[in-house]
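[1] how would this look folded up:
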Amino acid sequence: MVWLTAATTSGIASATSTARLRTEFRPAFLHNFFRVAVPFFYWLDRGLRAIPLWADRRGHSSSRLPVNFHRDPEIRVLDTLDWYSPKYQSKHTYEQVFRWFESCGLER
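    The predicted structure is shown next:
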C-alpha cells in the first residue's frame, strides 16, 4: 500500500526529525510506547479543543499534536506508529508525483 500525503514544511521537518525512531528503537518498543502516548495526546486534544486560542476555526487542534486522531483507538495507535516508523519513506514534490501520474495516462 502507498500513501500520498501533502508535504508541508513542518510535515517534512517532523518526519525527518523522527527518522531516528526508525533505526534506534525496535518496532515492539515503539508500539508499546504509542499504546500509551497516543491515548494521552488524544484526550489532551479533546480537552484543549475547549480553549479558543488553541483550537482552529473548526475546533480541531490535531495539527499541533503528533498523533493520529481517528475515532477508532487501535487505528490511532497503528497509524501513528506507521507515521513515525515506516519501513520505507520517500519524500517528493507535487510536481514529481503529478508527472508520474501523467506519464501513466492518469487524469484528474
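[2] Could you pull out the helices in this protein for me?
    Applying DSSP state H to the chain gives helices spanning 9-17, 19-24, 27-48, 73-84, 94-103.
[3] what's the most buried one of those?
    Across those, the average number of neighbours (mean count of other Cβ atoms under 10 Å) peaks for helix 73-84, which reaches a mean of 18. For every residue, glycine as well, the C-beta is placed using N, CA and C.
[4] With mean pLDDT and distance to Val67 as extra columns, can I get the helices of the chain in TSV?
    Output for the helices of the chain, formatted as TSV (pLDDT from 0 to 100; distance: least, Cβ to Cβ, whole Å):
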stretch	mean pLDDT	distance to Val67
helix 9-17	52	12
helix 19-24	66	13
helix 27-48	87	4
helix 73-84	87	5
helix 94-103	88	25
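[5] Make a markdown table from these and add distance to Pro66 to it.
    Below are the helices of the chain laid out as a markdown table (distance: least, Cβ to Cβ, whole Å):
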| stretch | distance to Pro66 |
| --- | --- |
| helix 9-17 | 7 |
| helix 19-24 | 11 |
| helix 27-48 | 7 |
| helix 73-84 | 8 |
| helix 94-103 | 24 |
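[6] Can you get me the start-to-end distance on stretch 87-102?
    One end of stretch 87-102 sits 27 Å from the other (Cα to Cα, to the nearest Å).
[7] before we move on, what about stretch 84-102?
    30 Å.
[8] where's Phe34 relative to Trp83, distance?
    10 Å (Cβ to Cβ, to the nearest Å).
[9] Kindly apply the preceding question to Asp45 instead.
    16 Å.
[10] What of His92?
    Taken as Cβ to Cβ, the span from His92 to Trp83 is 17 Å.
[11] Fine by me, we can end here.
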